[in-house]
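Asks: Provided below for reference: sequence and predicted model.
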Amino acid sequence: MKYVNRTGLPTILLLLVMFSCQKNITVKPPTYTDKVSIQCFIEEDSIPILYFNKTVPYFDAAVKKNQLVIRGAHVLIESTNTSDLLLLDSVFDKVDCQYNYFYIGSQKILPNTTYNLTITNGTEIYKATATTDILPASIDSITYTAKFNDINGEHEGVIVYFKDNVGQDNYFRYELLRYIDSSTKKAEQPILSACLNADSVQVHELGRAVYNDIGLQGQQIKIVAEPGYSHKQGTTGLVFIQAIDKAAFDFFDQLDKQKLAASNPFVESVFIKPGQFGDKAIGFFSAKKNSVPYLFYYPE
């Protein structure tokens, strides 16, 4: 049987055209200029903790937290009547099997007070302001669903219903406080830690997404949060709704959209815009107020 080329072009010419469409392009990434990352929540009746780290290029290999922390900074949180110098400290994380580094104060934060943050690191100075006048949310009820869908696919979810406060713009984030051990999985993968052994450790599951009350002032709000760790029937945890200010909301909202864009080619790329610290740093210095905790049992 003879091959019939119905395009009218010689077969060899077709092959040449096909291969001529392939071209290897070497892209040289632009020179990376690092910034610093500042993250600090202040909450009444709590000691302030601030994370002060350097950033690294997205495609760089993972580095340890002791290589990211910026040491020797002068960190001061002040109000009209108080002044608190934060000192570098650390705590060992058995899940990550490494130390977490942070600057911690010695004075509890007061309610309805404006605080000024000043960080001096060599010749660089970073400043921001936050006020602890945030009203807490009030959780009405919590339920569970084995299946819900979002842009990342199908998941199980913890559903939280709570009331919005009237009189101010409100921003929210989900938090679950619970214990995990070596039998627990994270994102369907076993926790491989040489430090966890047979111990149970307390973890905070923080919601990836943040929410606001635009169009919902004074109404009941519903949040569906995907569990960060696996669980067994009867596993318990304390659920909170964090009421946060706009500076923290803007940061976490952009961070969430950036993560979505990195994993989904159909989502528009998002770059974290300058916030309280301008072009010098990314992050936030913000007030938050947790709701009264709600004891939750996983039904399955």
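Replies: Noted; the coordinates are in hand.
Asks: What about residue 252, how many residues nearby?
Replies: 21 (other Cβ atoms under 10 Å). Bear in mind the C-beta positions are built from the backbone N, C-alpha and C, glycine included.
Asks: And for residue 236?
Replies: The number of residues near residue 236, taken as other Cβ under 10 Å, comes to 11.
Asks: so it bridges to which residues?
Replies: residue 297 (DSSP bridges).
Asks: Let me see the residues that make contact with stretch 68-84.
Replies: 36, 42, 48, 50, 52-54, 56, 85-86, 88, 101, 103, 105-107, 110, 113-121 (Cβ atoms under 8 Å, 6 or more residues apart in numbering).
Asks: among those residues, which ones are buried?
Replies: 36, 42, 48, 50, 52-53, 86, 88, 101, 103, 105, 113, 115, 117, 119, 121 (16 or more other Cβ atoms under 10 Å).
Asks: what comes up buried for stretch 79-87?
Replies: For stretch 79-87, burial by neighbour count (16+ other Cβ under 10 Å) applies to 79, 84, 86.
Asks: swap that for stretch 221-235, please
Replies: The neighbour-count criterion (16+ other Cβ under 10 Å) identifies 221, 223, 224, 225, 226, 227, 228, 229, 230, 231, 235 as the buried residues of stretch 221-235.
Asks: Kindly report the same for stretch 243-255.
Replies: For stretch 243-255, by 16+ other Cβ under 10 Å, it's 243, 244, 245, 247, 248, 249, 250, 251, 252, 253, 254, 255.
Asks: Out of the residues you listed, which is nearest to residue 188?
Replies: Residue 188 lies nearest to residue 255 out of the buried residues of stretch 243-255, by Cβ to Cβ, at 22.5 Å.
Asks: Setting aside sequence neighbours, what's the nearest residue to the closest one?
Replies: residue 272 (6.7 Å; Cβ to Cβ, 6 or more residues apart in numbering).
Asks: Measure how buried that neighbour is and give me the count.
Replies: The number of residues packed near residue 272 is 15, by other Cβ under 10 Å.
Asks: Which of the buried ones among the contacts of stretch 68-84 fall within helices?
Replies: Per DSSP state H, helices hold no members of these.
Asks: Now stretch 67-80 - C-alpha only, CSV.
Replies: Output of stretch 67-80 as CSV, limited to C-alpha atoms (Å, rounded to 0.1, in the frame of the first residue of the first chain):
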residue,chain,number,x,y,z
GLN,A,67,19.4,31.3,58.2
LEU,A,68,16.4,33.6,57.6
VAL,A,69,16.1,35.3,61.0
ILE,A,70,17.7,38.8,61.1
ARG,A,71,19.6,39.1,64.4
GLY,A,72,20.7,42.1,66.3
ALA,A,73,17.8,44.3,65.5
HIS,A,74,16.5,46.9,67.9
VAL,A,75,12.7,46.3,68.1
LEU,A,76,10.6,48.7,70.1
ILE,A,77,6.8,48.8,70.6
GLU,A,78,5.5,51.9,72.3
SER,A,79,2.2,53.6,73.3
THR,A,80,1.6,56.9,75.1
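Asks: which regions of the chain lie under the pLDDT threshold?
Replies: 1-22, 27, 29-30, 32-33, 58-61, 150-153, 260-271 (pLDDT under 70).
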